[in-house]
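J.: generate a structure from the sequence data that follows.
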Amino acid sequence: MSPTFSGKGKESGTARVLGSGTSGVAELLIFHPVDTIAKRLMSNKAKVSTQGLSAIIFREQAAAPLGRKILSLFPGLGYAAGYKVSQRIYKFGGQPWFNDIITRHYKSSFTNTFGERKGKMMMQATAGSLTGIGEVVLLPLDALKIKRQVNPEAFRGRGALRIFREEGTTLYRGWGWTMARNAPGSFALFGASAVTKDYVLGISDYSKATWAQNFVASIAGAVASITVAAPLDTIKTRIQNANFEHKTSGVTVIKDLLREEGATALFKGLTPKILVVGPKLVFSYTIAQSLIPWFANYV
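T.: Prediction:
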């Protein structure tokens, strides 16, 4: 869910970037370990058992003290920071921007097709979908983050600049599957949030929702988004976490996954992601909403 901004010059410029960017940093530090666990579960091709769960999650640190175990859940933090902060700035500002364009140029079409009430929700969802598709530009940072989380040997001591220079377009591997995942996922996120606010909570002006109402709507939207996008997210993750020199197509990944692990493997890692998406979105939403006006007093 995107925060709603007043449209004032200060709040739509530097303050908006600083506020949303800071919320991304705070979210990263708290939720990056859970994301690492989800990615490792999705990348695991063996049958998961209670006894082997620790080895899958903590890997070589499975028998280490608790402190080292926790630190092992922060691989690729630098890449994750670049990706998460950029993503939050883009997502918090992108969806309202796309919604403004749709409202300005295509509102009558949506209203004539879906009616006034449903048309507004469809515009929110469509704007979210367009925003999600555009996130493909951040794919290299996402790919590096995932590799550091699940396949660190792919780096072989190389730094970020060297990897960008040597790998080039390889870092965009899985871009089609990323867009295919983001389009319905973001549509469901913003659409379900709008539906919850309108039909369940009875809010006609979404910008006037209270913190508690935003909490409920964000959980509904996030659960819908994660569930819809889960199969494609699993495929994208496995394409990205392979070694740089091994190009694996999405079709091959699907065939191998269905043959060796069954259809339910498409939803690996879904439970831990669903368990955190509600607090995660509410947290980043609240931080952004609090910091943007604060930064507007100084910049």
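
J.: make it CA atoms for all contacts and neighbour counts henceforth
T.: OK.

J.: tell me how far stretch 215-231 is from the chain's mean position?
T.: Counting by C-alpha atoms, centre = their mean, to the nearest Å, stretch 215-231 is centred 11 Å from the centre of its parent chain.

J.: ok, residues contacting it?
T.: By C-alpha atoms under 8 Å, 6 or more residues apart in numbering, the surrounding residues in contact with stretch 215-231 are 1, 181-182, 184-194, 196-197, 266-267, 270, 273-274, 277-279, 281-282.

J.: repeat the analysis, applying 7 Å as the threshold.
T.: Stretch 215-231 is contacted from outside by 1, 181, 184-186, 188-193, 196-197, 266-267, 270, 274, 277-278, 281-282, using C-alpha atoms under 7 Å, 6 or more residues apart in numbering.

J.: check contacts around Ser32.
T.: Just so we're on the same page, residue 32 is His rather than Ser. Counted by C-alpha under 7 Å, 6+ apart, His32 has contacts Phe74.

J.: in terms of helices and strands, where is it?
T.: helix 14-43 (DSSP states H and E).

J.: now that helix: buried residues?
T.: For helix 14-43, a neighbour-count test (16 or more other C-alpha atoms under 10 Å) marks 15-25, 27-28, 32-43 as buried.

J.: measure how far it is from the centre of its chain, please.
T.: The mean C-alpha position of helix 14-43 is separated from the chain mean by 9 Å, C-alpha atoms, centre = their mean.

J.: mind listing what's buried along the helix or strand following it?
T.: Next helix or strand after helix 14-43 toward the C-terminus (DSSP H and E): helix 53-58. Buried residues in helix 53-58, counted by 16+ other C-alpha under 10 Å: 56-58.

J.: equivalent analysis for stretch 115-130, please.
T.: Under the neighbour-count rule (16+ other C-alpha under 10 Å), stretch 115-130 has 118-130 buried.

J.: can I get those in JSON lines including pLDDT and secondary structure?
T.: What follows is those, written out as JSON lines (pLDDT from 0 to 100; DSSP: H, G, I helix; E, B strand; the rest coil):
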{"residue": "Lys118", "pLDDT": "92", "secondary structure": "helix"}
{"residue": "Gly119", "pLDDT": "93", "secondary structure": "helix"}
{"residue": "Lys120", "pLDDT": "92", "secondary structure": "helix"}
{"residue": "Met121", "pLDDT": "93", "secondary structure": "helix"}
{"residue": "Met122", "pLDDT": "94", "secondary structure": "helix"}
{"residue": "Met123", "pLDDT": "95", "secondary structure": "helix"}
{"residue": "Gln124", "pLDDT": "90", "secondary structure": "helix"}
{"residue": "Ala125", "pLDDT": "93", "secondary structure": "helix"}
{"residue": "Thr126", "pLDDT": "94", "secondary structure": "helix"}
{"residue": "Ala127", "pLDDT": "92", "secondary structure": "helix"}
{"residue": "Gly128", "pLDDT": "89", "secondary structure": "helix"}
{"residue": "Ser129", "pLDDT": "93", "secondary structure": "helix"}
{"residue": "Leu130", "pLDDT": "93", "secondary structure": "helix"}
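
J.: so can I have JSON lines of those showing distance to Arg68?
T.: Compiled in JSON lines, those are given as follows (distance: C-alpha to C-alpha, whole Å):
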{"residue": "Lys118", "distance to Arg68": "51"}
{"residue": "Gly119", "distance to Arg68": "51"}
{"residue": "Lys120", "distance to Arg68": "49"}
{"residue": "Met121", "distance to Arg68": "46"}
{"residue": "Met122", "distance to Arg68": "47"}
{"residue": "Met123", "distance to Arg68": "47"}
{"residue": "Gln124", "distance to Arg68": "43"}
{"residue": "Ala125", "distance to Arg68": "42"}
{"residue": "Thr126", "distance to Arg68": "44"}
{"residue": "Ala127", "distance to Arg68": "42"}
{"residue": "Gly128", "distance to Arg68": "39"}
{"residue": "Ser129", "distance to Arg68": "39"}
{"residue": "Leu130", "distance to Arg68": "41"}
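
J.: I'm done for today, thanks for sticking with me.
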